[in-house]
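Colleague: sequence unavailable; structure follows:
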């Protein structure tokens, strides 16, 4: 076989066709080798890949869906001596949680309230506790359950952050709550 042609029984190839044939053959050979190399690299990297996937799955297992989460907790700013705290408490656990108390050094008294309707009139009533069912959320909002803050120990300013401690089923949670304009 020379550059002038490639002899295959029953066929004659020109030098150009023979060259293209060799190029194609080398390309296929290189492709096979690179695929094999990719397999080797994949097998070496598989333990690292498995570790990353395991870590991601572990993060999902410990994600907020399985825990307690406070969302958009804020104190509605008004010049009034009585303020309301609103937001949502998401209970992603398997058990109901009970909101037992709310404390802050910035207020002399803090109460949990529920808005009720009696004889066609809405009114707020103080309640001792508020239950957040398992895998559920409670919205703290005007006209619903909410937290009332009485007698600030110093003037409250719009935009400031106030430390608040919430006790749920015996466990305390420290929050930094933003004071902002009306909800």
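Modeller: In hand now; what should we look at? All figures in this text were calculated on a predicted structure; none of them were measured in a lab.

Colleague: any idea what the nearest residue to residue 91 once chain neighbours are set aside is bridged to?
Modeller: Excluding its sequence neighbours, the residue lying closest to residue 91 (CB to CB, 6 or more residues apart in numbering) is residue 132, at 4.3 Å. Any C-beta I mention is one placed from the backbone N, CA and C, and that applies to glycine too. Beta-bridge partners for residue 132, by DSSP bridges, are residue 97.

Colleague: check the gap between the closest residue to residue 181 other than its chain neighbours and residue 86 for me.
Modeller: Excluding the flanking residues, the one nearest residue 181 by CB to CB, 6+ apart is residue 77, at 5.5 Å. Applying CB to CB, to the nearest Å, the value for residue 77 to residue 86 is 12 Å.

Colleague: how about residue 107?
Modeller: Counting by CB to CB - residue 107 and residue 86 are separated by 15 Å.

Colleague: so which of those two has more stuff around it?
Modeller: residue 107 (23 against 19; other CB atoms under 10 Å).

Colleague: so that one makes contact with residue 150?
Modeller: Yes - here residue 107 lies in contact with residue 150, judged by CB atoms under 8 Å, at a distance of 6.1 Å.

Colleague: am I right that residue 128 is in contact with residue 112?
Modeller: Yes - using CB under 8 Å, residue 128 makes contact with residue 112 at a distance of 7.4 Å.

Colleague: okay, the two: which has more neighbours?
Modeller: Shown here are residue 128 and residue 112; by other CB under 10 Å, residue 112 has more neighbours (20 against 10).

Colleague: what does the one helix or strand the more buried one maps to contact?
Modeller: Assigned by DSSP states H and E, residue 112 falls within strand 107-118. Here strand 107-118 makes contact (CB atoms under 8 Å, 6 or more residues apart in numbering) with 99, 101-104, 122-130, 142-153.

Colleague: switch the cut-off to 7 Å
Modeller: Residues from elsewhere that reach strand 107-118 (CB atoms under 7 Å, 6 or more residues apart in numbering): 99, 102-104, 122-127, 130, 143-153.

Colleague: list the buried ones in that strand?
Modeller: Neighbour counts over strand 107-118 (16 or more other CB atoms under 10 Å) mark 107, 110, 111, 112, 113 as buried.

Colleague: just stretch 173-183 next, same as before
Modeller: Buried positions in stretch 173-183, judged by neighbour count with 16+ other CB under 10 Å: 175, 177, 178, 179.
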